[in-house]
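kindly generate the corresponding structure for this input.
(one chain, ligands or ions: 1)
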Amino acid sequence: MQLTNIGVIKDLFERHGFSFTKSLGQNFLINPSVCPKIAEMGGCKSGVCALEIGTGVGVLTQELAKRCDKVVAVEIDTGLKPILEETLAEYDNVEVVFADVMETDLKALITEKFGDSEVVVCANLPYYITSPVIMRVLEERLPVKALTVMVQKEAADRICAKPGTRDCGALSCGVSYYSEPKLLFKVNRGSFMPSPNVDSAVIRLDITDDNGLDVKDEKLFFRIVKAAFTQRRKQMINPISAELGIPKAELAELFGGAGIKQTARAEELTLKNFAALCEAIGGSR
Ligand code: SAM
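From the prediction side, this is the model:
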């Protein structure tokens, strides 16, 4: 069944009484070259299992199932159930779990369904939960090798921006702390049905076991990073002082100890700089 064919999709919708829910980010892929590319570049192959978030009509699910040993997909919309029963009928290595991914214990799910197998995450993410899903996978240190996801183009640029450059933000720092992000390819808005107002891009985050940083207090590290970027173009000493309740004069000394200018802005700092600052602040308490 050619799930990128608009006629096929419309027929499925009609027969099963399905209509799009905009608030769930339901923009389904209809460009036939995109899903095979996501699966290939996402590392789907024999010996690997894939976790998908958001099946839609199963267009990407099929490509994952063709290449991987096993696919488990989490989909919130039970209205898609009869459609998926039809579109995925020929794949006996796919299981769809109908649940909200944000309410799902993903670590338990991966362990239960995939055991010790190598796991990759592949998804065309609903835009409204892009950052929370990515950060959950990373922060919970899910046992996955890589995360290959389609996101809005602007989000892709932010996520892949290197710390210490003008485009970076707290999200880029978080992503770079846990992984090596790479923008794989762009996808124009005409590749979706319905067509969204913005273009998209596919990114891959290769999870790193060792980021080369020696951060003893990760909670403090991310509090500092988040506070620093609240006023990204201004001196970061002020929001950090407010967040941590450390007087500015005292904080200025700690900045100096970490080799950071008192006037520094968050976008000028590398992760190593943030780690040094965290060490200096943590050591002073
Ligand atoms: N993979 C399909 C494709 O590429 O055509 C669908 C992608 S569509 C952008 C996002 C999908 O995620 C939809 O099927 C939507 O119902 C589902 N979704 C939205 N919010 C979700 C959530 N909180 N948990 C699980 N799935 C969700």
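
now the strands for this structure?
28-29, 48-53, 70-75, 94-98, 118-124, 146-152, 179-187, 192-193, 200-207 (DSSP state E).

next, format those as a markdown table and append distance to Thr4, mean neighbour count and mean pLDDT.
For glycine as for every other residue, the C-beta is placed from the backbone atoms N, C-alpha and C. Listed next are the strands of the chain as a markdown table, based on distance: least, C-beta to C-beta, whole Å; neighbours: other C-beta atoms under 10 Å; pLDDT from 0 to 100:
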| stretch | distance to Thr4 | mean neighbour count | mean pLDDT |
| --- | --- | --- | --- |
| strand 28-29 | 7 | 22 | 98 |
| strand 48-53 | 17 | 25 | 98 |
| strand 70-75 | 18 | 24 | 98 |
| strand 94-98 | 18 | 17 | 98 |
| strand 118-124 | 13 | 24 | 98 |
| strand 146-152 | 14 | 24 | 98 |
| strand 179-187 | 13 | 17 | 98 |
| strand 192-193 | 9 | 20 | 98 |
| strand 200-207 | 15 | 21 | 98 |
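
distance to Lys162 added to these, as JSON lines?
Below are these laid out as JSON lines (distance: least, C-beta to C-beta, whole Å):
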{"stretch": "strand 28-29", "distance to Lys162": "29"}
{"stretch": "strand 48-53", "distance to Lys162": "26"}
{"stretch": "strand 70-75", "distance to Lys162": "31"}
{"stretch": "strand 94-98", "distance to Lys162": "35"}
{"stretch": "strand 118-124", "distance to Lys162": "22"}
{"stretch": "strand 146-152", "distance to Lys162": "17"}
{"stretch": "strand 179-187", "distance to Lys162": "9"}
{"stretch": "strand 192-193", "distance to Lys162": "29"}
{"stretch": "strand 200-207", "distance to Lys162": "14"}
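
Ser131 and Glu154 touch, don't they?
No: taking contacts as C-beta atoms under 8 Å, Ser131 lies outside contact range of Glu154: 11.8 Å.

how near is whatever residue of the stretch 151-285 of the chain ends up closest to the ligand to Val34?
Relative to the ligand, the nearest point of the stretch 151-285 of the chain is Phe192 (7.4 Å; C-beta to the nearest ligand atom). Phe192 sits 9 Å away from Val34, going by C-beta to C-beta, to the nearest Å.

contact partners for the residue of the stretch 151-285 of the chain closest to the ligand?
Contacts for Phe192 (C-beta atoms under 8 Å, 6 or more residues apart in numbering) come out as Asn27, Phe28, Leu29, Ile30, Asn31, Ser200.

show me where the stretch 1-150 of the chain has its helices.
Using DSSP state H, counting those that start in this stretch, the helices of the stretch 1-150 of the chain run over residues 6-16, 34-41, 59-67, 81-87, 106-114, 130-139.

show me what counts as buried in the fifth one.
The one in question is helix 106-114. Neighbour counts over helix 106-114 (16 or more other C-beta atoms under 10 Å) mark Leu106, Leu109, Ile110, Lys113, Phe114 as buried.

quick one: that helix near the ligand?
No: judged by C-beta under 6 Å from any ligand atom, helix 106-114 stays clear of the ligand, getting no closer than 10.9 Å.

what's next to that helix, contact-wise?
Helix 106-114 is contacted by residues 49, 51, 70, 72, 74, 95, 97, 119, 136-137, 140, 142-144 when judged by C-beta under 8 Å, 6+ apart.

now flag whichever of those residues is closest to the ligand.
Nearest to the ligand among these, counting by C-beta to the nearest ligand atom, is Val74 at 5.0 Å.

assess the claim that Asn197 and Gly190 are in contact.
No: taking contacts as C-beta under 8 Å, Asn197 lies outside contact range of Gly190: 11.9 Å.

where does pLDDT dip in the chain?
Nowhere does the chain drop to pLDDT under 70.

quick check: which of the helices of the stretch 1-150 of the chain is buried the most?
Most buried of those, by mean neighbour count (mean count of other C-beta atoms under 10 Å): helix 59-67, with a mean of 23.

ok, now how distant is the closest residue to Met41 other than its chain neighbours from Ala39?
Nearest non-adjacent residue to Met41, counting by C-beta to C-beta, 6 or more residues apart in numbering: Leu184, 5.4 Å away. To Ala39, Leu184 is 12 Å away according to C-beta to C-beta.
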